[in-house]
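> what follows is a predicted protein model with its sequence.
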Amino acid sequence: MPELPEVETVRRGLAPAMEGARVEKLEQRRPDLRFPFPERFSARLEGRTIRSLRRRAKYLLFELDDDAVLIAHLGMSGSFQVETGNGADTPGDFHHARSTLASHDHVIFHVDGPMGRARIIYNDPRRFGFMLMTRRDELDDHPTLRGLGPEPTGNTLSAEVLAERFAAKSAPLKAALLDQRIIAGLGNIYVCEALWRAGLSPRRRAATLVTAGGRPLLRLEKLVQSIRGVIADAIDAGGSSLRDHRQTDGTLGYFQHRFDVYDREGDRCRREDCGGTIRRIVQSGRSTFFCPACQR
DNA sequence: CCTTGAACCTGGGCGC
DNA sequence: TGCGCCCAGGTTCAAG
């Protein structure tokens, strides 16, 4: 489920094993994911130390000690698994270790770092994920990152910013919030959830939040709070699943989470005293779940 | 510029 | 049991 909270959960899971770790070997098991891997991919990583692991929107950024940066995106089905060493100096002897690699294990980072030797396995059945490399000083201008909107977790997102970005938008709120240039990191699930919390219809035109009567900034402020809340709660949930057990099989990035509206077609609305029924509609080719009774 | 829809790819679930 | 269809967390490209 790689929307922003899942990517952040993955980042937090990878950091202890990877930050400060040296890449001893990079195993690349096919020539491409969504795009071909970078030129001399393994050569550019092997021998390097990972200075820090950051996130921007749904992208993971591995900053290397030679100022190169690996940009990774999980697409729809990408996941990482960490196999940490058990202290013994036996190659291949790892906790949570798979006896053999699975068919969609495409990249394996063999690292030596704060947690000792570890294997970090990238698995991605659909291969919508990708890995790119750039230089640190070119990161902000990189085509994949340039033009991304503000992080919902930071302090750059505000009612004023949304007002400005929604003003000329004839698109429905659902599409506007999915647009990474307006806000970065939301995906299909959390847009549905945020709109439900805010009591706003996904079909409503974005600009009407700004132009309609009343107090536009008040409505937008409520939307901003809903977005922040949904994202924060999901990160907390991911964080707790990491703390608890990671996941029985060690896979990062997936955790059980019950949503208020997503995938609840036909259920009673969970809002107090609402009594509506959750509906599923299709907007720009993707499922939207919402309550027609309390989302206006 | 803006908006929509198809494409990319595999696997799971459902109806027949 | 098997086949065909629909659906799935995202992004990008082409066409209107």
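Yep, it's here. Numbering: from 1, shown residues only, chains lettered A, B, ... in the order given.

> list the contacts of whatever residue of chain A ends up closest to DNA strand B.
In chain A, no residue comes nearer to DNA strand B than A:Arg126, which is 3.4 Å away by Cβ to the nearest atom of the strand. C-beta here means a position set from N, CA and C on the backbone, and glycine is covered the same way. By Cβ atoms under 8 Å, 6 or more residues apart in numbering, the contact set of A:Arg126 is A:75-77.

> now it: how far from A:Asp112?
31 Å (Cβ to Cβ, to the nearest Å).

> and A:Asp105, by the same measure?
From A:Asp105 to A:Asp112 the distance is 20 Å (Cβ to Cβ).

> chain A: strands as residue ranges?
A:22-28, A:50-56, A:59-64, A:68-73, A:79-84, A:105-113, A:116-123, A:130-135, A:251-252, A:279-283, A:286-290 (DSSP state E).

> of those strands, which approaches A:Ser158 most closely?
Nearest to A:Ser158, of all those, is strand A:50-56, at 18.8 Å by Cβ to Cβ.

> do any residues in the closest one lie close to DNA strand C?
No. Shown here: strand A:50-56 not in contact with DNA strand C (Cβ under 7 Å from any atom of the strand), separated by at least 10.2 Å.

> quick check: residues of chain A near DNA strand C?
A:1-3, A:34, A:57-58, A:73, A:75-77, A:126, A:128, A:143-144, A:178, A:180, A:187-189, A:254, A:286-287.

> could you pick out the buried ones from those residues?
Buried residues within the residues of chain A next to DNA strand C, counting neighbours by 16 or more other Cβ atoms under 10 Å: A:1-3, A:57-58, A:73, A:75, A:77, A:144, A:178, A:180, A:187-189, A:254.

> when you check DNA strand B, which of these turn up near it?
When contact is defined as Cβ under 7 Å from any atom of the strand, those meet DNA strand B at A:Ser77.

> now for the buried ones among the residues of chain A next to DNA strand C: which two are most distant?
Using Cβ to Cβ, those reach their maximum pairwise distance at A:Thr144 and A:Tyr254, which is 23.4 Å.

> returning to that earlier point: among the strands of chain A, which is nearest A:Arg271?
strand A:286-290 (11.4 Å).

> tell me how many other residues crowd A:Arg40.
10 (other Cβ atoms under 10 Å).

> need phi/psi at it.
The phi and psi values for A:Arg40, taken as degrees, to the nearest 10, are phi 50, psi 40.

> now do the helices in the stretch 151-296 of chain A.
A:159-166, A:173-178, A:188-198, A:207-211, A:216-244 (DSSP state H, counting those that start in this stretch).
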